[in-house]
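Asker: got a predicted structure here, sequence first:
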Amino acid sequence: DAGVIQSPRHEVTEMGQEVTLRCKPISGHNSLFWYRQTMMRGLELLIYFNNNVPIDDSGMPEDRFSAKMPNASFSTLKIQPSEPRDSAVYFCASCFTGSSGNTIYFGEGSWLTVV
Amino acid sequence: GDSVTQMEGPVTLSEEAFLTINCTYTATGYPSLFWYVQYPGEGLQLLLKATKADDKGSNKGFEATYRKETTSFHLEKGSVQVSDSAVYFCALKNGANNLFFGTGTRLTVIP
């Protein structure tokens, strides 16, 4: 079975450029999460979708960050303009919201470096 | 609010040593508890989970028991291997489907 698929796996970009990260959740899952991982802050939840609707975006750092989920099988996280402090690993995760015990599965991450 | 407190690392052990990584939680209601593992350069993988009090999760020789009385979910393994070197995250999932992670504990196992 395919897991959560993220692209690109690695990206190096210059400050000021737009970055778009993509995620395909596991088929049948109805919740999708975007996390950011850095050495300083650890794992941070950026935004959480349920049935394609953003439920909690309080973790989105600022207006430069935006996320969309146009359908159940695709989501994007966009940073415009990017800054060096955005360098991090961005994880997408998904689960089926049936009970609190349902496992959240993570993608392999998008490793972003902004120079 | 709900939260997870995890033992600070890093932890360095010799091969075949006993491992304990402490995890305690604060939650209202009845959360599910998880341990995730992150190997170098990879994403987070579920290691084990427990969904109610006194449940024991186990996988790959690792175990953790959901202790409601002490609000703990400590990770243990009787004999670690070099291949267990990774970062381990304790996590709590509440009824609102929110997942709270601990800060992670880096384990290094030396031959």
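Answerer: Received, thanks. Numbers count the residues shown, from 1 in each chain, chains lettered A, B, ... in the order given.

Asker: neighbours of the closest residue in space to B:Ala53 that isn't next to it in sequence, how many?
Answerer: Once flanking residues are discounted, B:Ala53 sits nearest to B:Lys68: 3.9 Å by C-beta to C-beta, 6 or more residues apart in numbering or on different chains. The C-beta positions use only the backbone N, C-alpha and C, and glycine is treated the same way. With neighbours defined by other C-beta atoms under 10 Å in any protein chain shown, the count for B:Lys68 comes to 11.

Asker: what do you get for the one 5 residues further on?
Answerer: For B:Phe73, the tally of surrounding residues (other C-beta under 10 Å) stands at 30.

Asker: now stretch B:1-15 - C-alpha only, PDB.
Answerer: Extracted as PDB, the C-alpha positions of stretch B:1-15 are listed here (Å, rounded to 0.1, in the frame of the first residue of the first chain):
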ATOM      1  CA  GLY B   1      -4.300  21.800  27.800                       C
ATOM      2  CA  ASP B   2      -3.100  18.400  26.600                       C
ATOM      3  CA  SER B   3       0.600  17.900  26.500                       C
ATOM      4  CA  VAL B   4       3.400  15.300  26.500                       C
ATOM      5  CA  THR B   5       6.600  15.600  28.500                       C
ATOM      6  CA  GLN B   6       9.400  13.400  27.300                       C
ATOM      7  CA  MET B   7      12.800  12.500  28.800                       C
ATOM      8  CA  GLU B   8      15.500  14.800  27.400                       C
ATOM      9  CA  GLY B   9      18.300  13.300  25.400                       C
ATOM     10  CA  PRO B  10      20.600  12.400  24.000                       C
ATOM     11  CA  VAL B  11      20.900   8.800  25.400                       C
ATOM     12  CA  THR B  12      23.900   6.800  24.600                       C
ATOM     13  CA  LEU B  13      23.900   3.100  25.300                       C
ATOM     14  CA  SER B  14      26.100   0.100  24.600                       C
ATOM     15  CA  GLU B  15      24.700  -2.700  22.400                       C
END
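
Asker: sounds good, over and out.
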